[in-house]
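Participant: Based on what follows, work out the 3D shape:
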Amino acid sequence: MPADSIEHVIVLMLENRSFDHMLGVFQQIYPDLNGIPPGGSAHFDLDSKTGKQYQQLPNTERCLNPSPLHEHRDVMLQISKSMGGFIDDYATVPGSKEADYLAVMGYYPMDFLPVLHTLAKNFTICDQWFCSLPGPTWPNRFFVHSATCNGHVSMPDGFYHPDVPALHQPQDTIYNRLQDKGISWGIFHNGLSQALLLEKLWDHPLHFHPIERFYEMCKAPDDPNYPLPKYCFLEPAFRGPAEDDQHPPADVMNGEILIAKVYNAVRSSDIWNKCLLVVTYDEHGGFYDHVVPGPATPPDSHTDEFAFDIYGPRVPALLISPRAPKNVVHTTFDHTSILRYVEDKWGLTPLTARDAKAASIGSVLDFTGPLRADTPTSVQPLITAPVAVPSDSASLMNHEQGLLSFARYLDAAMIHNSTQAMAGAVGRLQKEYQQGLDAKIDVAKERFHLFLQGTITHMKGYMRDGKTGEKAPIKQSP
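Facilitator: Numbers count the residues shown, from 1 in each chain. Got it, this is the predicted structure:
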């Protein structure tokens with residue numbers, strides 16, 4: 001086997017788009033890609049109540065509102081009847097209308113997404129990348145971090161749902177494995193980090209950074225004070241005026257800005273010749289894809305809610321590197337294929353049976369030939385500034401509600417035995433109730449920030465050192 005020359009692995013995971021919807025049109029370039037033929041798709045879905053058919057056609061809707069559903073029960077309906085339940089499921093969404101059915105079924109024309117499509121033309125498209133289970137955001141994101149979701153397939157409902165702590169994700173993560181091996185890692189976020197739901201990461205607040213720090217680190221990746229970690233996971237803005245996760249009703253073009261910023265930062269960095277950037281999506285978000293998910297290896301024995309023996313629908317996935325050929329690959333991947341590559345690269349023990357059996361994304365990289373010198377030096381999005389997302393409560397999705405709930409849970413943990421912290425928490429709560437949804441989001445970000453800055457010391461005083469297991473004082477994040 002030729003030596004793997006990749007030193008930095010960077011993962012950007014966006015939200016809620018299917019493969020056909022975003023990249024299916026690339027069958028025009030690659031005839032063997034399993035997508036939309038040049039003459040148009042023959043696939044359609046049926047409204048079982050009216051008998052009317054809705055074809056898979058080009059569509060340029062950027063901000064579909066209301067969003068399709070993607071809870072476990074919805075996805076199971078969507079993939080039933082050989083991927084024949086998408087229209088029936090969208091018809092149950094409050095506020096949905098027949099005029100939007102074509103957007104659920106549709107796919108973006110070639111070059112409508114100038115950033116994603118330019119990268120797809122120049123790097124490796126994975127046309128058999130499935131989300132890890134037929135379900136929503138949180139469980140699938142847990143898989144990319146830990147190769148399991150500890151048996152939970154649903155999202156919490158409501159702003160302050162009492163069951164958020166009961167989701168209980170105590171498992172080891174890829175970050176714990178990296179920590180034990182002395183491999184640097186970092187999670188970069190936009191104020192609300194979904195990864196922080198994983199309990200084993202609570203001991204590592206210094207590894208969480210604002211995403212702007214990623215761009216700064218790319219400019220000086222070997223800075224002895226703030227070097228770019230070997231493994232970076234990037235989270236989009238899940239909420240706020242500049243939401244860029246591509247989760248409807250956020251403008252899909254906002255995500256194009258994010259992808260461009262990440263690619264341009266990496267491409268202009270000294271790490272470019274020794275890095276791999278993975279751009280993928282947590283789940284399909286209720287958008288149509290014609291490929292029936294295949295069988296999957298259950299990760300563990302937590303199967304009370306679901307057997308975890310099939311994948312969810314396909315999602316877009318690109319491998320971007322001077323070592324990533326300009327082609328399409330048909331290897332079956334899921335989110336744990338990233339973990340398998342990282343484990344093989346740095347000699348880490350698999351987390352579960354799922355990543356132990358997963359195909360490694362490293363298997364389709366080219367380490368034998370010379371570094372590619374024909375890659376784009378930069379990419380440019382269609383718009384230069386994000387389009388604001390409607391700030392009405394109806395547009396707040398379950399995963400966003402869940403993050404607000406979790407932020408309040410963090411606040412409750414931090415106020416224990418601290419009069420000062422309790423007073424601050426009461427003030428934040430009052431602000432939420434008095435100033436509406438935008439204030440809830442701002443306050444949630446404040447709670448995450450306080451937690452990561454070490455306010456948890458009011459509760460425990462100390463946290464365990466990630467390497468030694470010994471108690472050690474919290475340090476302020478730089």
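
Participant: My guess is Asp45 contacts Phe287. True?
Facilitator: No: contact status for Asp45 versus Phe287: not in contact, 11.4 Å apart, counting by CB atoms under 8 Å. C-beta here means a position set from N, CA and C on the backbone, and glycine is covered the same way.

Participant: So which of the two has more stuff around it?
Facilitator: Taking other CB atoms under 10 Å, Asp45 and Phe287 do not tie; Phe287 has more neighbours (28 against 25).

Participant: Show the end-to-end separation of stretch 302-322, please.
Facilitator: End-to-end span of stretch 302-322 (CA to CA, to the nearest Å): 40 Å.

Participant: Show me which residues of that stretch are buried.
Facilitator: 302, 306, 308, 310-322 (16 or more other CB atoms under 10 Å).

Participant: now, which of the residues you listed sits nearest Asn225?
Facilitator: Ser321 (26.8 Å; CB to CB).

Participant: List of residues touching stretch 295-312?
Facilitator: For stretch 295-312, the surrounding residues in contact (CB atoms under 8 Å, 6 or more residues apart in numbering) are 72, 75, 79, 130-135, 140, 143, 147-148, 150-154, 283-284, 293-294, 334, 336, 352-358.

Participant: brain fart, stretch 257-272
Facilitator: For stretch 257-272, the surrounding residues in contact (CB under 8 Å, 6+ apart) are 7-8, 10, 12, 14, 115-116, 119, 214-215, 218-219, 221-222, 228, 234, 236-237, 244, 275, 277, 279, 320, 322, 375-381, 383-386.

Participant: Which ones among those lie within helices?
Facilitator: Val115, Leu116, Leu119, Phe214, Tyr215, Cys218, Lys219 (DSSP state H).

Participant: Would you agree the second one is in contact with Leu23?
Facilitator: In other words, Leu116. Yes: under the criterion of CB under 8 Å, Leu116 makes contact with Leu23 at 7.4 Å.

Participant: joint contacts of the two?
Facilitator: With CB under 8 Å, 6+ apart as the test, Leu116 and Leu23 both reach Pro316.

Participant: Enumerate every residue touching Asp88.
Facilitator: Counted by CB under 8 Å, 6+ apart, Asp88 has contacts Leu46, Asp47, Ser48, Lys49, Leu77.

Participant: Can you give the distance of stretch 31-43 from its chain's centre?
Facilitator: 27 Å (CA atoms, centre = their mean, to the nearest Å).

Participant: same check, this time on stretch 438-448
Facilitator: The answer for stretch 438-448 is 21 Å, by CA atoms, centre = their mean.

Participant: For it, list every residue counted as buried.
Facilitator: Lys440, Ile441, Asp442, Val443, Ala444, Lys445, Glu446, Arg447, Phe448.

Participant: what does stretch 101-113 give?
Facilitator: Buried residues in stretch 101-113 (16+ other CB under 10 Å): Tyr101, Ala103, Val104, Met105, Gly106, Tyr107, Tyr108, Phe112, Leu113.

Participant: before we move on, what SS does the closest residue to the second one other than its chain neighbours have?
Facilitator: With CB to CB, 6 or more residues apart in numbering as the measure, Glu61 is the residue that lies nearest to Ala103, at 3.9 Å, once sequence neighbours are left out. Three-state assignment for Glu61 (DSSP: H, G, I helix; E, B strand; the rest coil): coil.

Participant: Any idea how many residues pack against Glu61?
Facilitator: 15.

Participant: Any chance of the backbone angles for it?
Facilitator: Note on Glu61: backbone dihedrals following degrees, to the nearest 10 are phi -70, psi 120.

Participant: In terms of pLDDT, where does it sit?
Facilitator: On pLDDT, Glu61 comes in at 96.

Participant: before we move on, back to that, could you give me the ChimeraX syntax to select whichever of the ones in helices among the contacts of stretch 257-272 are buried?
Facilitator: Applying 16+ other CB under 10 Å to those leaves a buried subset, and the ChimeraX line that selects it is:
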select :115,116,119,214,215,218
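
Participant: Mind picking the two most distant members of the ones in helices among the contacts of stretch 257-272?
Facilitator: Once CB to CB is applied, the ones in helices among the contacts of stretch 257-272 give Leu116 and Lys219 as the farthest pair, at 24.2 Å.

Participant: So Glu15 is in contact with His284, correct?
Facilitator: No: between Glu15 and His284 there is no contact, the gap being 10.1 Å when judged by CB under 8 Å.

Participant: of those two, who's got more company?
Facilitator: Comparing Glu15 with His284 by other CB under 10 Å, the one with more neighbours is His284, at 31 against 27.

Participant: picking that back up, buried only: go through the contacts of stretch 295-312 for me.
Facilitator: In these, the ones that pass as buried (16+ other CB under 10 Å) are 72, 75, 79, 130-135, 140, 143, 147-148, 150-154, 283-284, 293, 334, 336, 352-356, 358.

Participant: so of these, which ones are in helices?
Facilitator: Short answer: the buried ones among the contacts of stretch 295-312 in helices (DSSP H) are His72, Val75, Asn140, Phe143, Thr336, Ala353, Arg354, Asp355, Ala356.

Participant: so, if you compare the residues you listed, which one comes nearest to Asp172?
Facilitator: Closest to Asp172, out of all of those and judged by CB to CB, is Asp355, at 11.3 Å.

Participant: Domain ranges for this protein, per the record?
Facilitator: 8-364, 397-472 (automatic domain parsing).

Participant: wait, which of those domains is closest to Leu371?
Facilitator: Comparing the domains of the chain by CB to CB, domain 8-364 comes nearest, at 4.2 Å.

Participant: Show me how far that closest one is from its chain's centre.
Facilitator: Between the centre of domain 8-364 and the centre of its chain there are 5 Å (CA atoms, centre = their mean).

Participant: quick one: contacts of stretch 339-351?
Facilitator: Residues contacting stretch 339-351 (CB under 8 Å, 6+ apart): 4, 6, 9, 144, 146-148, 171-174, 177-178, 181, 183, 230-231, 355-356, 358-362.

Participant: buried ones in that stretch?
Facilitator: Leu339, Arg340, Tyr341, Val342, Glu343, Lys345, Trp346, Leu348, Pro350, Leu351.

Participant: For Glu256, state which of the ones in helices among the contacts of stretch 257-272 is nearest.
Facilitator: Out of these, the member with the shortest distance to Glu256 (by CB to CB) is Val115, at 4.4 Å.

Participant: Per-residue pLDDT of the closest one, please?
Facilitator: Note on Val115: pLDDT of 98.

Participant: cool, and the one 3 residues further on?
Facilitator: For Thr118, the model assigns a pLDDT of 98.

Participant: repeat for the one 10 residues further on
Facilitator: Looking at Gln128, its pLDDT reads 98.
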